[in-house]
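Engineer: how would this look folded up:
(one chain, ligands or ions: 1)
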Amino acid sequence: MSKKLNNDTLKALSEKGLNTDVFMEGIQSAKPLTYWDYIQPEALINLQVQRTDLPDEMVFIVYHQINELLFKMILWEIEQVAFRKDLKAKFFSERLGRISGYFDMLCSSFRIMKDGMELKQYMKFRKTLAPASGFQSAQYRMIEFASTDLINLIDYRFRKTINRNTPFKHAFEHLYWQAAGKNHETGEKTTMINLFEKKYLNVFIDFMKKYNNKNLWCIFENLPTKEKNNVELLNSMRHFDHTVNVKWVMEHYNTASKYLDGAQKAEKATGGSDWKKYMHPKYQKRTFFPKLWTSDEIKNWGEQNLEGYKILSNFKELEI
Ligand code: HEM
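Structural biologist: Numbering: from 1, shown residues only. Okay, here's the model as predicted:
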């Protein structure tokens, strides 16, 4: 280490409030860092607990865990945008690019779920999983809360009765996904959703509050006009919305169809929902940024080619 660097380093450490003598002595005694201490591969590869001895159940568990790690990275990036001081379109757009990249990975890799397991094995081990469902992924719900205003996640039937002054708990009860957690005959909540809420309700309410004015849509709306009119950012917003709410949803739907329709008799979802109606984007037409799509695009939501949304060259194309 050069003398200059040495002095600068000591000064920087001291400015951090560290006792530099103790700190430098500590470094001399510390063990050298290794890959396994830092990345923790042993912990990671021992996190899989099968319910059966069927080999393809391992594929199912690991793939879900990979999804959860990517969800974590997505939430991480959203937070960088949401709480950035003096946010610029360039930073916003770049981070959305990263997030969409992660979702693109989730879309293309869904093949692992679709072709990576034998139907016969899946049909056996899935019976040991009820009433659990991917529906109970808390991070997926957090991505939704952090991406858009709550009103865009409310079941269409109740939107008129809910606004920004509605208590969070009330809004929560009317989220679109509540419909998948009801027993359609009795109207009662299913065990799947009751367990989900018991574990996460308070976490969700806190998270909803945290992102109430900081979700990606709010942040976009409140950008200074010059930044907001950036066409690259507009296209990044559209790409993200389409990738999550059409492309990923359709990959998921197609995989679910392969297994649940592929069985000798059509199977029910482990979570118990009327899954086809619930899941296909053409029914609920869920979007994080409805104002960034034309009325025709919304009309055809989920019907168009999976890659097929238009790259805009300016805002005028949006009819707003
Ligand atoms: C063989 C593979 C899969 C099948 C058959 C399947 C099936 C289903 C079904 C039927 C539902 C509707 C809720 C219910 O269970 O009643 C659902 C919801 C859900 N699944 Fe999957 N799934 C699969 C893989 C995955 C993976 C890899 C993930 C990633 C974490 C995932 C995440 C979700 C999420 C987030 C929901 C809720 C979606 C929403 O509310 O719109 N699923 N899944």
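Engineer: how long is stretch 77-88 end to end?
Structural biologist: End-to-end distance for stretch 77-88, by C-alpha to C-alpha, to the nearest Å: 15 Å.
Engineer: Domain boundaries for the chain, per the record?
Structural biologist: By the assignment in automatic domain parsing, the chain contains the domains 3-30, 60-318.
Engineer: Export those domains as CSV, with columns for mean neighbour count, mean pLDDT and distance to residue 39.
Structural biologist: All C-beta spots, glycine's among them, are computed from the backbone N, C-alpha and C. Below are these laid out as CSV (neighbours: other C-beta atoms under 10 Å; pLDDT from 0 to 100; distance: least, C-beta to C-beta, whole Å):
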stretch, mean neighbour count, mean pLDDT, distance to residue 39
domain 3-30, 10, 84, 18
domain 60-318, 16, 92, 12
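Engineer: Redo the ones you listed as JSON lines? Include distance to the ligand.
Structural biologist: Rendered in JSON lines, the data for the domains of the chain read as follows (distance: least, C-beta to the nearest ligand atom, whole Å):
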{"stretch": "domain 3-30", "distance to the ligand": "38"}
{"stretch": "domain 60-318", "distance to the ligand": "2"}
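Engineer: can you list these in a markdown table and add distance to residue 44?
Structural biologist: Formatted as a markdown table, the entries for the domains of the chain read as follows, by distance: least, C-beta to C-beta, whole Å:
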| stretch | distance to residue 44 |
| --- | --- |
| domain 3-30 | 24 |
| domain 60-318 | 8 |
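Engineer: out of these, which comes closest to residue 43?
Structural biologist: Comparison of the domains of the chain against residue 43 by C-beta to C-beta identifies domain 60-318 as nearest, at 11.9 Å.
Engineer: who are the neighbours in contact with residue 233?
Structural biologist: Taking C-beta atoms under 8 Å, 6 or more residues apart in numbering as the definition of contact, the neighbours of residue 233 are 89, 92-93, 96, 220, 227.
Engineer: Pick out the most distant pair among those residues.
Structural biologist: The most widely separated members of the contacts of residue 233 are 96 and 227, with 13.4 Å between them, by C-beta to C-beta.
Engineer: Got phi/psi on residue 129?
Structural biologist: Phi and psi for residue 129, reported as degrees, to the nearest 10, are phi -100, psi -20.
Engineer: Identify the residues contacting stretch 44-64?
Structural biologist: 65, 109, 112-113, 116-118, 121-122, 124-125, 128-129, 134.
Engineer: Could you tell me which of those residues belong to helices?
Structural biologist: Secondary structure of the contacts of stretch 44-64 is defined by DSSP state H; positions in helices are 65, 112-113, 121-122, 124-125.
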